[in-house]
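# Got a sequence here, can you build the structure:
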Amino acid sequence: MTRQRSGAWSFWVALFALVMLWGLFPEKARAVCVTPEELSAARRWVAAKFEGAINPGPLEPGLIVLANHDSVLKNTRGEGRPLTIAKTSYDHGLYCHAVSRVVVHLPSPGKTFTAVAGVNSDSQTIGGRGSIAFSVRVRGESAFRSEVLREGMAAVPVRVDLGGATEFVLEVSDAGDGISCDQADWAAAQAELQDGKVVRLGDLSFLAEDPGATTEAPFSFVCDGRPSAGLLDKWTLKRGLRELDDCRTEYTLTYTEPANGLVVRAVAVGYRDFPTVEWTLYFRNNGTVDTPLLTDIQAIDTRFRRGNEGEFTLHHNTGSPAGPNDYEPHATPLRPTATQRIATSGGRPTNSNMPYFNVEWPGQGAIVVLGWPRQWAAEFSRDDGAGLRVRGGQELTRFKLHPGEEVRTPLVAVQFRKGDVVQSQNVWRRWMLANNLPRPGGKPVAPGLMMCTSDSYPGIPEGALETIAVNCISE
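Numbers count the residues shown, from 1 in each chain. Modelled structure (predicted):
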């Protein structure tokens with residue numbers, strides 16, 4: 001039975017015929033099978049982004065490096081040198097370099113995380129160089145944050161109550177002035193487990209990244225000139241969850257700015273029978289005066305990381321500019337530091353490009369789709385390591401909301417995949433058929449006939465196209 005969709009999906013339905021053409025390849029059609037690994041990857045990502053829970057389910061203990069300038073080192077500064085903060089050396093811990101983000105997975109529920117944090121003292125940082133801030137996040141919430149530290153300053157003690165969590169995140173920022181000499185030591189870093197055992201972080205193995213490893217919101221915006229990444233932690237957050245049916249769960253994140261009444265609400269739907277999640281943002285002014293200026297709203301702003309081998313490839317398609325290259329497939333390599341920006345033109349959603357993207361990296365990938373019947377833009381930006389940032393939404397946003405006003409963003413859908421591109425697109429088509437194709441009277445929609453007339457093709461005798469259409473319908 002097709003699940004009922006809201007009016008927000010009229011754009012998807014209108015594009016259904018185009019979707020069936022999207023990304024056609026010469027290979028034979030293949031049987032569609034959603035794998036448990038794909039469902040698990042999607043579930044973990046949804047849990048992280050919309051429930052604030054990192055990696056539900058079993059995962060071996062270890063470290064996942066989501067971001068770091070160069071390599072994270074364990075128990076050394078490199079070349080056998082110890083971690084050194086001011087004049088004190090330490091025999092175990094993690095050496096990082098801003099901007100850094102490391103997810104720690106424990107073998108069992110944790111009780112307390114302890115460390116001493118500071119700028120590593122060596123020939124490159126001596127003299128007070130480097131400026132960094134340390135932070136720890138547990139279950140998506142900030143549990144510790146240091147002041148800005150420089151070389152030569154005393155180490156700062158870190159003690160965080162883990163409250164039974166099996167995962168937490170260590171972050172190092174560049175304090176807003178660049179990463180020069182920002183060498184960070186999580187010295188003597190260890191976690192005491194609830195069973196009394198102690199795990200040194202420097203003894204854990206490095207793990208491949210999991211797509212659900214961070215709880216950062218999968219969207220962004222700028223409010224009064226300030227990026228949302230630095231604002232949302234200070235706003236009130238309320239999470240909601242309700243079961244829509246046996247296969248779908250709705251998640252709601254409601255962020256409220258305490259000073260002016262601006263409310264940002266993300267409404268997402270996760271699927272249990274497909275590795276797919278979709279969401280829409282809503283901005284509402286519940287205050288009594290105009291909101292600050294809202295700009296650069298990105299309905300999706302998230303990151304993916306590949307392993308140490310291979311590279312990202314972006315699969316995408318030309319739209320329909322009414323030319324011989326309509327729906328032409330493209331495969332664009334995304335090499336380090338490269339940025340690929342794709343947009344439509346003329347205010348029509350498929351006028352120049354299709355808003356459907358299949359991001360591939362070795363052995364896996366993600367389909368990213370924007371649902372918006374007007375002007376949209378998407379950007380795929382590689383860092384200088386193994387990361388890819390994906391941003392997209394309405395191309396230009398710059399406005400204030402009067403009291404009581406509300407606006408929404410484009411709808412975003414993300415589907416996780418293992419295996420090859422063709423298989424993932426077949427899963428996507430199956431999801432579209434099961435969840436978005438109307439079934440009036442409980443029956444599939446009959447194939448439609450579309451024809452371009454109005455003398456678009458000079459030389460065709462007058463009335464010939466109408467005659468062809470009548471004959472096709474009668475047959």
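# quick one: Val264 and Asn285 touch, right?
No: look at Val264 against Asn285 with C-beta atoms under 8 Å: they stay out of range, at 10.8 Å. Glycine gets a C-beta too; all of them are placed from N, C-alpha and C.
# Those two: who's more crowded?
With neighbours defined as other C-beta atoms under 10 Å, Val264 and Asn285 compare such that Val264 has more, 25 against 22.
# What separation do you get for the more buried one and Ala175?
Using C-beta to C-beta, to the nearest Å, one gets 27 Å for the distance from Val264 to Ala175.
# Repeat that for Val65.
Val65 is 21 Å from Ala175, by C-beta to C-beta.
# between the two, who's got more neighbours?
Val65 (21 against 17).
# Would you mind giving the secondary structure of that one?
With DSSP: H, G, I helix; E, B strand; the rest coil as the basis, Val65 sits in strand.
# wait, it sits on Val102?
Yes: here Val65 reaches Val102: they are 5.5 Å apart, a contact under C-beta under 8 Å.
# quick one, longest helix in this structure?
helix 421-435 (DSSP state H).
# and that helix, what other elements does it pack with?
Of the remaining helices and strands, those touching helix 421-435 by 3 or more C-beta pairs under 8 Å, 6 or more residues apart in numbering; DSSP states H and E are helix 16-21, strand 356-361, strand 364-371, strand 411-418.
# What strands flank the third one, and is each parallel or antiparallel?
According to DSSP bridges, the neighbouring strands of strand 364-371, each with its direction, are strand 356-361 (antiparallel), strand 411-418 (antiparallel).
# Now do the helix or strand just after it: which elements does it pack against?
Following strand 364-371 in sequence order, the next helix or strand is strand 376-382 (DSSP states H and E). With contacts defined as 3+ C-beta pairs under 8 Å, 6+ apart, the packing partners of strand 376-382 are strand 312-317, strand 339-343, strand 356-361, strand 364-371, strand 387-394.
# and strand 376-382, C-alpha only, in CSV?
Only the C-alpha atoms of strand 376-382 are listed here, as CSV (Å, rounded to 0.1, in the frame of the first residue of the first chain):
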residue,chain,number,x,y,z
TRP,A,376,18.1,25.7,-6.2
ALA,A,377,21.9,25.2,-5.9
ALA,A,378,24.1,22.5,-4.5
GLU,A,379,27.8,22.5,-3.7
PHE,A,380,30.2,19.7,-3.1
SER,A,381,33.5,20.8,-1.5
ARG,A,382,36.5,18.6,-0.8
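# Mind listing residues that contact that strand?
With C-beta atoms under 8 Å, 6 or more residues apart in numbering as the test, strand 376-382 has contacts from 312, 314, 334-344, 349, 355, 357, 359, 368, 370, 388-395, 410.
# neighbouring strands for that strand, and are they parallel or not?
Strands that pair with strand 376-382, judged by DSSP bridges, come out as strand 339-343 (antiparallel), strand 387-394 (antiparallel).
# can you tell me the distance between the two ends of stretch 67-76?
19 Å (C-alpha to C-alpha, to the nearest Å).
# hmm, who's touching it?
By C-beta under 8 Å, 6+ apart, the list of residues contacting stretch 67-76 from outside reads 63, 65, 82-83, 91-102, 179, 182, 201-204, 206, 383, 385, 387.
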